[in-house]
Every structure is written in structure tokens, then in C-alpha cells.
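Peer 1: Quick one: sequence and predicted model below, then my questions.
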Amino acid sequence: MAAAKLGKRVVVIDRDAQANGASVRNFGFITVTGQERGDMWRRACRTREVWAEVAAEASVPIQHQGLLLTARRPESVAVLEAFLRTEMGVGCRLLAVGDLERSHPGLTAPEVLAALWSPHELRVESREAIPRLADWLASRHGVTFLRETTALIVETSKVTTSRGVVEAEAIAVCPGDDMTSLFPDQIAAHGVTRCKLQMLRLADPGFRLSAGVMSDLGLARYAGYAALPEAAALRARLKLEQPGHLKHGVHLIVVQSADGSLVVGDSHHYAATPDPFACEAVDRLILDEFEAVFGRRTPRVTERWTGTYASAPDRSVVIDTPAPGVRIVMVTTGAGASIGFALGEEVAADLFGGGRHDR
Ligand SMILES: Cc1cc2nc3c(=O)[nH]c(=O)nc-3n(C[C@H](O)[C@H](O)[C@H](O)COP(=O)(O)OP(=O)(O)OC[C@H]3O[C@@H](n4cnc5c(N)ncnc54)[C@H](O)[C@@H]3O)c2cc1C
């Protein structure tokens, strides 16, 4: 999109018939609060702005805005208070239980002590939003989509595909979690592996969420909170009280769709080729956390799926230059919907002149 907005003629080459990877399997939760301090938070702020503009132009409905992160432990409240003292706390505030219950009647769990309110987040229904964005890019910006076409070899100014050659002034290789088809050695040098997540959809619970919901477990996982010194005490307590959740990388995100159903997840398991099977015990851990946060039994499960994304141990983004005029671009943490547009702008500026270039 960034290249098209610079007036370039853009061709997207994708081997799938329609978007089928992480971008349609995710929560569609564009998060700012909780992203790692520095570049990630800055990119998330910018991406959120772009989503707001593009959603309006491309008729992508925003399902809800903002984040409520509920805290059931004093250690979690301490992390939230510390977070609010940072520059990332701008626009956010701590809600006492009474305020939370009055403004968000679905959240009535007896154990909840307080909640962080962040106004920044947006939620889109990815499985509808991504195809709609593609249609809008094609009709409004003249982007060509070559689907069911595999990029086999990428060289300066040239992509050899399963259906012929595409010539280009600049090439961005965005392989998602495919680490072996194009530039496998360069990608391996960044220590990239894959992360598998389990996701569920629950039937309409009978209440409307006005924001996405997260819990204490998110404070130990999202770098914007987890890197604060106050998070150490919370981590120690979670190790004692929720070791199963930590072992399976379970934390809670709950977002709502237009039909009232809830998308709930997730878990994190790492491997070069993760198995494709959703484990019931892991789903149960996710649903236990849902019950603790919402103070009610989980509604009926209507869908289950797994998704994978590229993951690197020590970096959230990989940008590499395997050949002049070519960039490998990968988001190597679960935040592509939240930082992708800003990253696209940086890479386009870099490729077409005048931009920054992170490695
Ligand atoms: C379950 C889950 C939940 C998530 N939740 C969130 C969230 O709420 N918020 C958030 O910000 N992020 C979230 N993420 C992360 C986010 O979805 C990803 O970071 C992002 O979608 C990655 O986008 P991508 O285009 O790189 O990869 P993908 O969406 O996987 O797309 C990659 C595409 O490249 C194609 N491809 C690869 N190699 C080739 C080739 N050689 N030739 C042709 N085509 C090729 C694939 O076929 C695929 O279509 C989540 C991820 C998952 C899995």
C-alpha cells in the first residue's frame, strides 16, 4: 500500500488463491498499548493511524476500539501503575472495579482488582477486512494481485514465478512464516523459527464488549509491560499460580465480532514445523482464563483453528538486503496487524529513496 501511495505500480505475488495465512487467522486486534517500548510502539501508533484512515476509505468496519486489561493481583496493578508513568501511558488510565463494572457490565469477575483502559486499539474482522483491503487496493490504487503464483527466484529487478517473470524497480520479499523458499540462509541467520497459536470462537455471550480484553497473563508477555522492573514480581507469582499457562505460552485476548461472537486465544508453541493439531488441554487453559476474567462460564465453542507466524528470539522485525533493490521483510513476533503499515512505509521509503533502514 505504501508503494502504491508513492505512485508506484505494484504487483503482489501470492501462491494462495486468497489470503489464508496469519493475516486472516489473527484476532484483527491492532494494539498499541503493550507493544515494546521504542520502535515497536512508534510503529504501532503510526499503523493504528493508517488503519483508521484506510478502514474508512475501504469500508472495513471497526468492530470496537480500545483495550481493557484486567488485573486480579496487586503485582499486576503495580505493573499497570508503572506503565502509566511511562510515555506509553499517554491517553490510558486505571479504572477501579466500580467504574469497570458500571462501564463494562460483561466484566463482573469477583477477583478483578482494577483494569487499565487504553483508547488506542482497533479491532477488525480480519477474514473479511483483508480481502476487502485487497479489492480496494486493486480498484483504487491499481494494484495487481497475481494469485496462485509462487515466487521461485528473486534477483535485482526480477522475480521468476511459477507463471513467468515479473520485472520491477524494487522488490519486497514478505514470505510470512515461509523460511525456506526464498533466501533461506539470510532468514536462518536471523534465528527465525515458527510459532503456533490456538484460537477459538465462542457463541454470543449476550453482552457487548466495547473494547478488546486482556488479563494479568498479558502483562508477563507483552514487552511494553513485561520489560518494566515491576513485572518481575508478577512473573514470580504467575509461575507459582499458573505454571500451565506459562508453559504453553497462554495469555488471554478476547475480541468481539459483529454477530456478537467472541474470538478468544491464544497459546504459543515454537518449532521449525509446528504440528497442526489443536490440543484440548491448551484450549482448556485459555478458557479457564476467560472464566476467571469474565466471572462466568464460557459460551459454546463454535470454531477452533491454529495459526502460525514467523518468530525470532531477539528481534521483532527482520529487514535484510539480499541483493540491491531487494528487501526481505518479516514481522518476527505476533504483531504484524499492529505494525505492518508503518513497516511498509519505512521499507517503501528505503527502497524508493530518503527512508530509514533498520536491520
Ligand atoms: C493466531 C494468530 C493471532 C494473531 N493475532 C494478532 C493480532 O491480534 N494483532 C497483530 O498485530 N498481530 C497478530 N498476529 C500476527 C499477525 O497476524 C502476523 O504478524 C501477520 O499477519 C503476518 O503477515 P504476513 O503477510 O507476513 O504473513 P501471512 O499473512 O502469513 O502471509 C504470507 C503470504 O505469503 C505467501 N507466500 C510465502 N512465500 C511465498 C512465495 N515464495 N511465493 C508466493 N507466495 C508466498 C503465503 O502464501 C501467504 O499468503 C497473529 C498471528 C496469528 C497466527
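Peer 2: It's in.
Peer 1: give the contact list for Pro61.
Peer 2: Applying Cβ atoms under 8 Å, 6 or more residues apart in numbering, we find Pro61 in contact with 55, 124-125, 258. For the C-beta atoms, the positions are set from N, CA and C on the backbone; glycine is no exception.
Peer 1: how close does it get to the ligand?
Peer 2: Counting by Cβ to the nearest ligand atom, to the nearest Å, the gap from Pro61 to the ligand is 16 Å.
Peer 1: ok, now Arg43?
Peer 2: For Arg43, the distance to the ligand - Cβ to the nearest ligand atom - is 11 Å.
Peer 1: three-state assignment of that residue?
Peer 2: Secondary structure state of Arg43, per DSSP: H, G, I helix; E, B strand; the rest coil, is helix.
Peer 1: can you count the residues close to it?
Peer 2: If you count neighbours by other Cβ atoms under 10 Å, Arg43 ends up with 26.
Peer 1: Which parts of the stretch 201-350 of the chain are helices?
Peer 2: 216-219, 223-226, 231-241, 243-247, 280-294, 336-352 (DSSP state H, counting those that start in this stretch).
Peer 1: how about the second one, does it reach the ligand?
Peer 2: No - where contact is defined by Cβ under 6 Å from any ligand atom, no part of helix 223-226 touches the ligand; the two come within 13.1 Å at best.
Peer 1: Identify the farthest-apart pair in the contacts of Pro61.
Peer 2: By the measure Cβ to Cβ, Ala55 and Ala258 form the most distant pair in these, at 13.8 Å.
Peer 1: related to what we said a few turns ago, I'd like the helices of the stretch 201-350 of the chain laid out as TSV, including mean pLDDT and mean neighbour count.
Peer 2: As requested, the helices of the stretch 201-350 of the chain are exported to TSV (pLDDT from 0 to 100; neighbours: other Cβ atoms under 10 Å):
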stretch	mean pLDDT	mean neighbour count
helix 216-219	98	27
helix 223-226	97	22
helix 231-241	98	16
helix 243-247	98	15
helix 280-294	97	18
helix 336-352	97	22
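Peer 1: so which of the ones you listed comes closest to Val154?
Peer 2: helix 336-352 (13.5 Å).
Peer 1: check which helix or strand covers Val50.
Peer 2: Secondary structure from DSSP states H and E places Val50 in helix 39-57.
Peer 1: buried set for that helix?
Peer 2: For helix 39-57, a neighbour-count test (16 or more other Cβ atoms under 10 Å) marks 39-41, 43-48, 50-51, 54-55 as buried.
Peer 1: State the number of residues packed around Ile153.
Peer 2: Applying other Cβ under 10 Å, we find 11 residues neighbouring Ile153.
Peer 1: Assign a three-state SS to it, would you?
Peer 2: Per three-state DSSP, Ile153 ends up strand.
Peer 1: counting contacts, what elements does the worst-scoring helix or strand of the chain on mean pLDDT pack onto?
Peer 2: Of all helical and strand segments in the chain, the minimum by mean pLDDT, DSSP states H and E falls on helix 97-103, at a mean of 86. With contacts taken as 3 or more Cβ pairs under 8 Å, 6 or more residues apart in numbering; DSSP states H and E, helix 97-103 sits against strand 114-123.
Peer 1: Direction included, what does the strand it packs on pair up with?
Peer 2: strand 29-30 (antiparallel), strand 64-71 (antiparallel), strand 93-96 (antiparallel) (DSSP bridges).
Peer 1: The helix holding Val50 versus strand 114-123: what angle between them?
Peer 2: Interaxial angle, helix 39-57 versus strand 114-123 (axes from the mean of the first three to the mean of the last three Cα atoms, to 10 degrees): 50 degrees.
Peer 1: could I have helix 39-57 exported to PDB, CA atoms only?
Peer 2: Extracted in PDB, the C-alpha atoms of helix 39-57 (Å, rounded to 0.1, in the frame of the first residue of the first chain):
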ATOM      1  CA  ASP A  39      10.400   1.400  17.600                       C
ATOM      2  CA  MET A  40       7.600  -1.100  18.000                       C
ATOM      3  CA  TRP A  41       5.400   1.300  20.000                       C
ATOM      4  CA  ARG A  42       6.100   4.100  17.500                       C
ATOM      5  CA  ARG A  43       5.300   1.800  14.600                       C
ATOM      6  CA  ALA A  44       2.100   0.700  16.300                       C
ATOM      7  CA  CYS A  45       1.000   4.300  16.800                       C
ATOM      8  CA  ARG A  46       1.500   5.000  13.100                       C
ATOM      9  CA  THR A  47      -0.100   1.800  12.000                       C
ATOM     10  CA  ARG A  48      -3.200   2.500  14.100                       C
ATOM     11  CA  GLU A  49      -3.500   5.900  12.300                       C
ATOM     12  CA  VAL A  50      -3.200   4.300   8.900                       C
ATOM     13  CA  TRP A  51      -5.800   1.600   9.800                       C
ATOM     14  CA  ALA A  52      -8.200   4.300  10.900                       C
ATOM     15  CA  GLU A  53      -7.800   6.100   7.500                       C
ATOM     16  CA  VAL A  54      -7.900   3.000   5.400                       C
ATOM     17  CA  ALA A  55     -10.800   1.400   7.200                       C
ATOM     18  CA  ALA A  56     -12.900   4.400   6.400                       C
ATOM     19  CA  GLU A  57     -11.800   4.500   2.800                       C
END
